[in-house]
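>>> heads up, no residue letters with this:
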C-alpha cells in the first residue's frame, strides 16, 4: 500500500496549524495529493422567548461559519502555495447531504489526518473523530494538540489485541511500519488467551510484518488489572515511540459507553501521534 491521497480535516484556526503541518509533511514524504476538508453545517434553529425561531441568532451563527470556512481555506491555500504541493480545498456548508459530505469525500482518501480535540476549544467539530472512525472506513491519524509530532515515525508501537480493528490498523499502517527503524508489537490482553499464551498471540502478526521487511520485536504482557489504555500509555513512555498503531473501539459499544476503553483513553491523553482504524 502507498499513500497517494491524504485528507486533512480542520475545524478552526487553532487546530489548523498542527493538522496541516502534519498533513503537508506526510504529503511531501509520500508525493501524495492533499485534500483540505472543512464542514460548516447549518445550526439547529434556536427558539426565542416568544416561541418563534430566532432568525438573528441563526444568521449570526451562519456568518461566523462562513468566515471560519473562508479563513481556513486561505490558510490551506497559502500553505499549498508555499509547499508547491498537489492540493485541493473542499468545504461543505449548509444542510449537507451524504453525497456532498466530508465523510463521503474522506472515504476516497488513503489516510485521514485530524487533530486531537482540545477540551478548552469550543469550536464545533463535525464530523468528529468518532464519526470519521466509524463512518469513513479509512485509517485516521490523530495528532496531539499539545505535543509536537516527529513525522519520521522511526519508532512504532503496535497495540495488538487480536481483534479485527487491530488487524486492520496494522495493515493500514504498513507504509509507516516498513519505513520505521523499529517496530514493537505489544500484546495487551488479547482475546482468547491465558497468561502463558500472550507472547504467542502476537507471533503471527509479528512474522507477517517481518516478511514486509519491518524490524519487529514482540512483547507479550499482562496488564495486571491496569486499564488497557493506561497500560499502553506506560509502554509509550518507556519506549519513546513516535507513532502508536491501534484498532479503535474494539470492545462492544455498550461497554465503551459506560466504562470507557483504550480508544477513549488515548483520544483524551494522546501522548504521541496515533493511527487508528475501525
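Thanks, I have the structure now. Remember, it's a predicted structure, so these values are computed and weren't measured experimentally. Residues are numbered from 1 along each chain as shown.
>>> Stretch 219-234: how far from the chain's middle?
21 Å (C-alpha atoms, centre = their mean, to the nearest Å).
>>> Please shift the residue numbers so they start at 35 in all later answers.
Yes, from this point I'll number from 35; that puts the last item at stretch 253-268.
>>> Can you give me the first-to-last residue distance of it?
In stretch 253-268, first residue to last residue: 13 Å (C-alpha to C-alpha, to the nearest Å).
>>> Show the pLDDT at residue 38.
Per-residue pLDDT puts residue 38 at 98.
>>> burial count for the residue nearest to it when sequence neighbours are not counted?
Spatial nearest neighbour of residue 38, excluding adjacent residues (C-beta to C-beta, 6 or more residues apart in numbering): residue 66 at 5.3 Å. Where you see a C-beta, it was placed from the backbone N, CA and C, and this is true even at glycine. By the criterion of other C-beta atoms under 10 Å, residue 66 has 22 neighbours.
>>> now residue 66: how far from residue 99?
29 Å (C-beta to C-beta, to the nearest Å).
>>> what's the answer for residue 201, then?
Between residue 201 and residue 99 the distance is 39 Å, computed by C-beta to C-beta.
>>> cool, and residue 60?
If you go by C-beta to C-beta, the gap between residue 60 and residue 99 works out to 28 Å.
>>> swap in residue 264?
For residue 264, the distance to residue 99 - C-beta to C-beta - is 38 Å.
>>> more neighbours, those two?
residue 99 (20 against 14).
>>> That one: what's its closest spatial neighbour, skipping adjacent residues?
Closest to residue 99 by C-beta to C-beta, 6+ apart is residue 74, at 3.8 Å.
>>> I'd say the one you found and residue 107 touch.
No. Contact between residue 74 and residue 107 fails when scored by C-beta atoms under 8 Å: they sit 11.0 Å apart.
>>> Return every residue with contacts to both of these two.
residue 125 (C-beta atoms under 8 Å, 6 or more residues apart in numbering).
>>> Which one of those two is surrounded by more residues?
Neighbours were counted for residue 74 and for residue 107 using other C-beta under 10 Å; residue 74 has more, 23 against 16.
>>> so who does that one touch?
Neighbouring residues of residue 74 by C-beta under 8 Å, 6+ apart: 99, 100, 102, 103, 125, 126, 127, 128.
>>> Mind picking the lowest-pLDDT entry from these?
Within the set of the contacts of residue 74, pLDDT is lowest for residue 128 (66).
>>> residue ranges of the strands in this structure, please?
39-43, 67-74, 121-127, 145-149, 174-177, 189-194, 216-222, 250-255, 277-281, 307-311 (DSSP state E).
>>> what's the average pLDDT for the last one?
Spelled out, it's strand 307-311. Rounded mean pLDDT across strand 307-311 is 98.
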